[in-house]
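In: Here is the input, now give the coordinates:
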Amino acid sequence: DGVGAFSVMASRLDGGESDNGAKRDLTTASGSLKFDIGDSVRGRIFGRIADGELQRFPDDSGGEGLAAIRAKERAEDLTALIGATASADLTDDWTIKFDVSYFDQEKNVVSPGVAPGLRDPFGIPASQTEASIERARGAIVNQINVSPTLVLSAGVDVEVEKGESAGALDFGAFALPTNFEDRRTVVGNVLEARYEGLENLTLQGSIRLDWTSDHGEAFSPRLGALYFVEPLNLELRANWSEGFKTPSFFALSDPVVGNAALQPETSRSFDVGVTKYFEDARGWIDVTAFYNQFFDLIDFDAGPPPR
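Out: Coordinates of the predicted model:
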């Protein structure tokens with residue numbers, strides 16, 4: 001029993017001013033502690049804190065050479081993360097894993113806006129935003145070796161988010177408030193299986209059911225196969241999956257590019273690949289082809305105007 005490894009790291013970045021007028025300062029500190037309890041329990045506790053400041057010309061302003069408004073956007077952010085992971089062998093064939101974490105970010109952005117121009121005849125008003133986000137997450141996974149060729153995993157994870165933003169767009173004659181507050185809870189249930197009962201063939205699949213407090217339920221399946229052609233040292237693989245992602249609080253609430261009407265993004269993906277291994281493990285060649293299809297895609301459009 002005892003501590004297996006302990007590490008602490010700190011850094012300071014003083015970026016100076018780049019050719020495009022940007023300046024980035026960042027101070028970080030992190031630590032990690034690994035521990036063992038008997039022969040069957042292993043764990044890690046970790047943490048990180050970062051304090052940063054960024055000065056630059058706003059996006060779409062023209063930068064150092066072309067920006068009509070010479071004042072720079074200033075952003076300050078403070079982030080902290082703390083968490084722990086652990087696994088315990090309850091029997092020779094049953095392992096349980098735990099994962100908990102807490103994330104907090106405070107951000108303050110003051111922007112001078114963007115002057116009207118050829119790309120955007122209206123420009124972007126000056127703004128000030130103070131935002132914070134908190135995220136707590138916990139997960140538990142059971143892995144059971146049903147037989148030498150079949151492994152099953154079942155788990156549940158819970159994530160709770162809270163986002164707040166207070167600010168305004170400055171139109172000169174008046175200021176338009178851009179306050180935002182939201183909470184979200186996501187509960188995910190997953191079941192996964194891996195089968196290696198056929199010679200040189202591995203089959204795996206999973207089903208995941210997510211429930212979100214703001215968008216209801218979503219079902220995400222995944223199937224995959226891998227076959228090794230032994231005489232040729234060739235690995236063939238294929239995967240198919242469906243995905244689901246809720247819009248971030250930034251995408252929903254940002255006073256310039258946010259859209260509170262965004263719906264969850266879903267996707268359908270398929271890929272096939274071939275890997276050729278050379279004798280004596282001196283190298284390999286890998287080729288993969290993939291196809292991704294997105295629905296209600298959430299992306300940043302640089303504009304004009306940005307959205």
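In: residue boundaries of the strands in the chain?
Out: For the chain, the strands defined by DSSP state E occupy 2-17, 23-37, 41-56, 73-91, 94-111, 126-147, 150-170, 175-177, 180-198, 201-212, 216-229, 234-245, 265-277, 284-295.
In: which residues touch the third one?
Out: The one in question is strand 41-56. Applying C-beta atoms under 8 Å, 6 or more residues apart in numbering, the external contacts of strand 41-56 come out as 20-37, 72-89. For every residue, glycine as well, the C-beta is placed using N, CA and C.
In: Sheet-wise, list the partners of that strand with their directions.
Out: Applying DSSP bridges, strand 41-56 is found paired with strand 23-37 (antiparallel), strand 73-91 (antiparallel).
In: need these in TSV with distance to residue 216 and mean neighbour count, can you?
Out: Formatted as TSV, those follow (distance: least, C-beta to C-beta, whole Å; neighbours: other C-beta atoms under 10 Å):
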stretch	distance to residue 216	mean neighbour count
strand 23-37	37	15
strand 73-91	28	15
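In: Would you mind putting those into JSON lines with distance to residue 247 and mean pLDDT alongside?
Out: Listed next are these as JSON lines, based on distance: least, C-beta to C-beta, whole Å; pLDDT from 0 to 100:
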{"stretch": "strand 23-37", "distance to residue 247": "27", "mean pLDDT": "93"}
{"stretch": "strand 73-91", "distance to residue 247": "20", "mean pLDDT": "96"}
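In: out of the ones you listed, which comes closest to residue 238?
Out: Between residue 238 and those, the shortest gap by C-beta to C-beta is with strand 73-91, which sits at 30.4 Å.
In: the inter-axis angle of that closest one versus strand 126-147?
Out: If you take axes from the mean of the first three to the mean of the last three C-alpha atoms, to 10 degrees, strand 73-91 sits at 10 degrees to strand 126-147.
In: Please state the offset of strand 73-91 from the chain centre?
Out: Mean-position distance between strand 73-91 and its chain equals 13 Å (C-alpha atoms, centre = their mean, to the nearest Å).
In: Work out the gap between stretch 158-165 and the centre of the chain.
Out: Here stretch 158-165 is found 14 Å from its chain centre; the criterion is C-alpha atoms, centre = their mean.
In: and the gap between the residue in the chain sticking out farthest from the centre and residue 105?
Out: Residue farthest from the centre of the chain, counting by C-alpha atoms, centre = their mean, is residue 231 at 40.3 Å. As for residue 231, its distance to residue 105 is 54 Å (criterion: C-beta to C-beta, to the nearest Å).
In: Tell me the buried residues in stretch 151-162?
Out: Neighbour counts over stretch 151-162 (16 or more other C-beta atoms under 10 Å) mark 151, 153, 155, 157, 159, 160, 161, 162 as buried.
In: Who is the first one paired with across the strands?
Out: In this entry, residue 151 is beta-bridged to residue 145, residue 194, by DSSP bridges.
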